[in-house]
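whatever this is, show me its structure:
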Amino acid sequence: MKLFTNQRPTANRGLRALALSMAMALGALAFFTYADSPMGLGGTGGDTVGSLPMMAPPPGSGIDAGAVTPSDTIGPDRPAFALVGLESEVLAAIVDAYATGPDGCFERVVLPDGRVRYQFLGRVNVLLDRAFMSTGRVRAQTVVGLPFVGGVATISVANIPRASEPLALGPKDLKLQQLDAAGVLDQIFRWHALSLQGQHRVIYIKSVGTILRVEQRD
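Next up is the predicted model:
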């Protein structure tokens with residue numbers, strides 16, 4: 001799925017195309033199945049990652065795509081999966097990213113020390129290079145905004161609840177490297193956030209061969 005939005009291009013990231021061909025999983029892996037046709041990173045002048053468009057202000061708003069926006073201070077409407085690191089390394093970790101709903105997009109947030117955070121908003125799938133993520137140079141996070149503060153997240157493995165945590169404002173490390181090393185991602189890892197108003201955000205993570213597959217949905 002490719003979404004088109006009116007937005008000004010950011011700096012060209014020179015993404016190289018990658019190919020991925022894998023068989024569809026069955027049964028409990030249904031959340032992580034995907035077409036076995038090749039999926040490339042592509043990109044059009046730096047305003048996409050995979051086929052996800054960048055969230056940008058409307059033309060003529062006078063707001064630069066790199067400027068501080070309300071989302072930087074109150075967070076996303078629903079918790080978001082995010083990747084943090086040097087931009088070249090974050091992009092190297094992403095094999096593909098694509099929307100599974102009309103709200104799927106990403107937001108690039110500039111951090112201190114030359115780092116960036118890529119926040120994936122809406123219903124999206126993100127495919128990560130498992131070996132690259134194992135180095136720890138790119139960190140996976142959840143980012144919670146004000147609408148979900150005070151709620152609770154439940155962590156499950158293979159559909160069995162393992163822990164719960166209160167939802168606080170801001171990013172939190174998922175410790176993806178440690179989870180994979182412990183074999184947790186060989187099963188279905190689920191992070192399920194529930195707000196005080198009854199809204200949901202679910203992030204599934206599963207290792208499939210050389211890929212870590214992340215599915216974000218409501």
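
so what does the closest residue to D77 other than its chain neighbours have for phi and psi?
By the measure of C-beta to C-beta, 6 or more residues apart in numbering, the closest residue to D77 outside its immediate chain neighbours is P147, 5.7 Å from it. Backbone N, C-alpha and C define where each C-beta goes, glycine included. Backbone geometry at P147, expressed as degrees, to the nearest 10, gives phi -60, psi -20.

isn't P147 up against G198?
No: P147 is beyond contact range of G198, at 11.4 Å (criterion: C-beta atoms under 8 Å).

of the two, who's got more company?
Taking neighbours as other C-beta atoms under 10 Å, P147 and G198 compare with P147 leading, 19 against 7.

now do the same for the more buried one: its pLDDT.
On pLDDT, P147 comes in at 95.

for it, give me its contacts.
P147 sits next to 75, 77-78, 195, 197, 199 when contact means C-beta atoms under 8 Å, 6 or more residues apart in numbering.

try L128
83, 93-95, 140, 211-214.

which one of those residues is nearest D180?
Closest approach to D180 among these (C-beta to C-beta): L212, at 7.0 Å.

pLDDT averaged over the helix or strand the closest one falls within - what is it?
Here L212 sits within strand 211-217, counting by DSSP states H and E. In this model, strand 211-217 has an average pLDDT of 97.

what residues does it touch?
Contact with strand 211-217 is made by 20, 22, 31-32, 34, 80-81, 95, 100-101, 120, 122-130, 133, 140, 176, 180, 185, 201-207, as judged by C-beta under 8 Å, 6+ apart.

which of the residues you listed are buried?
Taking 16 or more other C-beta atoms under 10 Å as the criterion, what is buried in the contacts of strand 211-217 is 20, 22, 32, 34, 80-81, 95, 120, 122-130, 133, 140, 176, 180, 185, 201-207.

which of the residues you listed fall within strands?
Judged by DSSP state E, the subset of those located in strands is 80-81, 95, 120, 124-129, 140, 201-207.

for the protein, where's the lowest mean pLDDT among helices and strands?
helix 70-74 (a mean of 56; mean pLDDT, DSSP states H and E).

so who does A193 touch?
A193 makes contact with 78-79, 142, 144, 148, 151-153, 167, 200-202, according to C-beta under 8 Å, 6+ apart.
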